[in-house]
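Undergrad: with the input below, show me the fold.
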Amino acid sequence: MAGILGIGSGIDIDSIVTALVNAEKAPKTLQLDRLEKVTTSRFSALGTLKGSLSGLQTAIQGLSKASVFETRTASSSSSSVLTAKAAASADAGKYSMQVQQLASSSKVALQSVSSTSGTTFNSGKMTISAGSSSIEVDVTAGNNTLSGLRDSINEEGKSAGISATIVTDASGSRLVLSSSKTGEGNDIQVAVTEDGVTTGTVALTTQAFQPTVNLELGNIAGGSTATFQAGDIAISSGGVNLNVSIADGFTLEDVRDMININGNPQGISAVIETDSSGARLVLSSTNGDDLTVAATSTGGTGTNALTALNPAVGATATSTGPDSTTGAGGVISRAQSAILYVDGLQVTSDSNTVTTAIDGLTLNLVSAQSSADLLAGKTVDITVGVDKGTVKSNVQKFVDAYNSLISTVGQLSAVVPVTDGNPVTGPLVGDVTVRGLMSGIRGELVKMTGPDGARALAELGITTQKDGTLKIDDTTLSAALDNNFEGVAEYFSGSNGLMTRLESNVSHYLKSDGVLDQRTKSLSSTLSNIDDQREALDMRIEKVQARLVAQYSAMDSLVARLKKTSESLTSQLASLPGFVKKD
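TA: Presented below is the predicted three-dimensional model:
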């Protein structure tokens, strides 16, 4: 219809109808546009308010839980030696500690072979154990090479923490076995049986391994022929306890022989080592990683008391390492337990993470102290106390979240004057929901509750500024935590504490179907209703437009008929006698 002129009247019907339709539609459209803008602005503003209030709620929860004030800290005076972590059950106090040795795991080298490629082993079974963990590897024609054994051990040993690598030295190539289990009694041992099914170039029994520990006894100036008085030698190793009786006048060689006669069936043996300083017995055991000796004399005519055989003070058993010349296997590192002292009391642990020494305290051993430091009595202090740092951090988070809410509410409720006298107002200016929310929060902040010394925020160094925000005086807060920690905890997280009350107040607005949810639902309904009104307006305007078009079209037709009638009359009159047409 656009641009169409009335045939009869020559009037621009389209322009007239459009103008009339717009005049009809404009007031209602303007009303809906304004309502939609205001509603959308308020809807968005409530979303912003809800986000800021949720941040405050999170900060409130960080101070409302009693567990926050029950947290303990543990500090170490030397974190290079040990660190500690305290549970809530740990008692506050200071503990003096020494770390003599760390827990370690076992690593051994087996007998070497001359070649990794051409060497095969007889078939059979290898049983590898480390303490209570053990694996079995069947050796067949399919895996009887050094690399085949390595791969089978690694596959079977995954769950037991046992692994194997191949190392090559001057004597050839060998398997090196490692265990992840720390603690005394977890040394690696390898037992081997052959079944005779397949014959290789090397006996599988060469890969058997029993760790050997050695202990050097006291030095005897008289050499191997020196004599001893009567007495007894008590030898202990890996659960084996051996007592050897020595007769008066026995020489060092006699003592060696008696130990070997009684001890060989139980994995204990002795040899004599001689140098310029004299001679001494060296005992060996395959029973475990411990070997102790205690000799007692009962008297006699020998030139030496039997107690002269006792090891020197501080002497401990050592392990036999692998030999790169002969290819013999040996211990690379022993499995040992950690040894530490807590306030002078010895504690042993199979792990470097010690959880049983002090209730609620986990100790992480990092390194052993030097012998000089241990002899000098140097200790590492572990101090356990309340976690004031976390409390202060959570107080700061609360203040920051509250101040952020104050800023948000201020922006959403602001009235900003402009030069033309018409102020710009925030979308929530004068909003009853905002007024109620802030009134409730401020009311709780100024309420006096709690024990003496912690009855108000101001007593904790938290004060209100002119702009309504909060500010922390760190010195005052620190003093309150130092002098009245339990009172501060009660003020914030008690059953009627500040945070408990604020949580109840805030959740009333934030909970599902709470105040803010109901407000946003109402605004959503208004927006939906605006859409319905727009649709209804469009339908009504379409009808108005159709009616106007019909009316003006009818008028145009009438004008056209009248014009035609006029032209016909004029023509008839012109044909009458005496009719003179005037210009």
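Undergrad: mind listing what's buried in stretch 158-167?
TA: Using 16 or more other CB atoms under 10 Å as the burial criterion, the residues of stretch 158-167 that qualify are 160, 162-164. C-beta coordinates here come from the backbone N, C-alpha and C atoms, glycine included.
Undergrad: again with stretch 20-32
TA: Neighbour-count burial for stretch 20-32, with 16+ other CB under 10 Å as criterion, is recorded at 21, 24-25, 29, 32.
Undergrad: verify the stated contact: Val399 with Asp473.
TA: No. Under the criterion of CB atoms under 8 Å, Val399 lies out of contact with Asp473, with a separation of 11.2 Å.
Undergrad: more neighbours: which of the two?
TA: When Val399 and Asp473 are compared for neighbours, Val399 comes out ahead with 17 against 13, by other CB atoms under 10 Å.
Undergrad: who's in contact with that one?
TA: When contacts are counted by CB atoms under 8 Å, 6 or more residues apart in numbering, Val399 touches 462, 470-472.
Undergrad: by neighbours, which of those wins?
TA: The residue in the contacts of Val399 with the most neighbours, by other CB under 10 Å, is Ile462 (20 neighbours).
Undergrad: if that one is in a bridge, with which residues?
TA: Beta-bridge partners for Ile462, by DSSP bridges, are Ile472.
Undergrad: which residues touch it?
TA: 395, 399, 470-473, 477 are the contacts of Ile462 under CB under 8 Å, 6+ apart.
Undergrad: in CSV, list those along with distance to Lys65.
TA: As requested, the contacts of Ile462 are arranged in CSV below (distance: CB to CB, whole Å):
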residue, distance to Lys65
Val395, 14
Val399, 18
Leu470, 21
Lys471, 25
Ile472, 20
Asp473, 25
Leu477, 19
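Undergrad: helices or strands up against the helix or strand hosting Ile530?
TA: Element membership of Ile530 [criterion: DSSP states H and E] is helix 515-574. When contacts are defined as 3 or more CB pairs under 8 Å, 6 or more residues apart in numbering; DSSP states H and E, helix 515-574 sits against helix 13-64, helix 432-445, helix 498-510.
Undergrad: of all those helices, which one is nearest Glu535?
TA: helix 13-64 (10.9 Å; CB to CB).
Undergrad: how far is that closest one from where the chain is centred?
TA: 44 Å (CA atoms, centre = their mean, to the nearest Å).
Undergrad: repeat for stretch 350-365
TA: Averaging C-alpha positions (CA atoms, centre = their mean) puts stretch 350-365 19 Å from its chain's average.
Undergrad: with stretch 209-224 instead?
TA: Between the mean C-alpha position of stretch 209-224 and that of its chain there is a distance of 50 Å (CA atoms, centre = their mean).
Undergrad: list the buried ones in that stretch?
TA: When neighbours are counted by 16+ other CB under 10 Å, the buried residues of stretch 209-224 are found to be 209-213, 215-218, 220, 222, 224.
Undergrad: low-scoring pLDDT stretches of the stretch 351-500 of the chain, where are they?
TA: Confidence mapping of the stretch 351-500 of the chain against pLDDT under 70 gives the ranges 416, 418-422, 424.
Undergrad: just the strands in it please.
TA: Across the stretch 351-500 of the chain, reading from the start of the chain, the strands by DSSP state E, counting those that start in this stretch fall at 353-358, 361-365, 380-386, 415-416, 424-425, 462-464, 470-472.
Undergrad: summarise which helices and strands the second one is packed against.
TA: The elements that strand 361-365 packs onto, with contact taken as 3+ CB pairs under 8 Å, 6+ apart, are strand 82-86, strand 93-101, strand 338-342, strand 353-358, strand 380-386.
Undergrad: and for the longest one, what's in contact with it?
TA: Outside strand 93-101, the residues within contact range by CB under 8 Å, 6+ apart are 81-82, 336, 338-344, 358, 361, 363, 365, 367-369, 374, 378-384.
Undergrad: any chance of CSV for the strands of the stretch 351-500 of the chain, columns distance to Ala109?
TA: Putting the strands of the stretch 351-500 of the chain into CSV (distance: least, CB to CB, whole Å) gives the following:
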stretch, distance to Ala109
strand 353-358, 28
strand 361-365, 27
strand 380-386, 35
strand 415-416, 83
strand 424-425, 84
strand 462-464, 66
strand 470-472, 63
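Undergrad: tell me which of the ones you listed sits most buried.
TA: Burial among the strands of the stretch 351-500 of the chain, expressed as mean neighbours by mean count of other CB atoms under 10 Å, is greatest for strand 361-365, which shows a mean of 21.
Undergrad: quick check, Gln533 in contact with Leu32.
TA: Yes. Counting by CB under 8 Å, Gln533 sits close enough to Leu32 to count as a contact (5.9 Å).
Undergrad: once you drop chain neighbours, what's closest to Ser75?
TA: Sequence neighbours aside, Thr383 is the residue nearest to Ser75 in space, at 5.0 Å (criterion: CB to CB, 6 or more residues apart in numbering).
Undergrad: err, Asp343, not the other one
TA: When the adjacent residues along the chain are set aside, Asp343 lies closest to Ser96, with 5.6 Å between them (CB to CB, 6+ apart).
Undergrad: give me the residue at the spatial middle of this structure.
TA: A centroid search over the chain (CA atoms, centre = their mean) returns Lys85, at 13.9 Å, as the residue closest to the centre.
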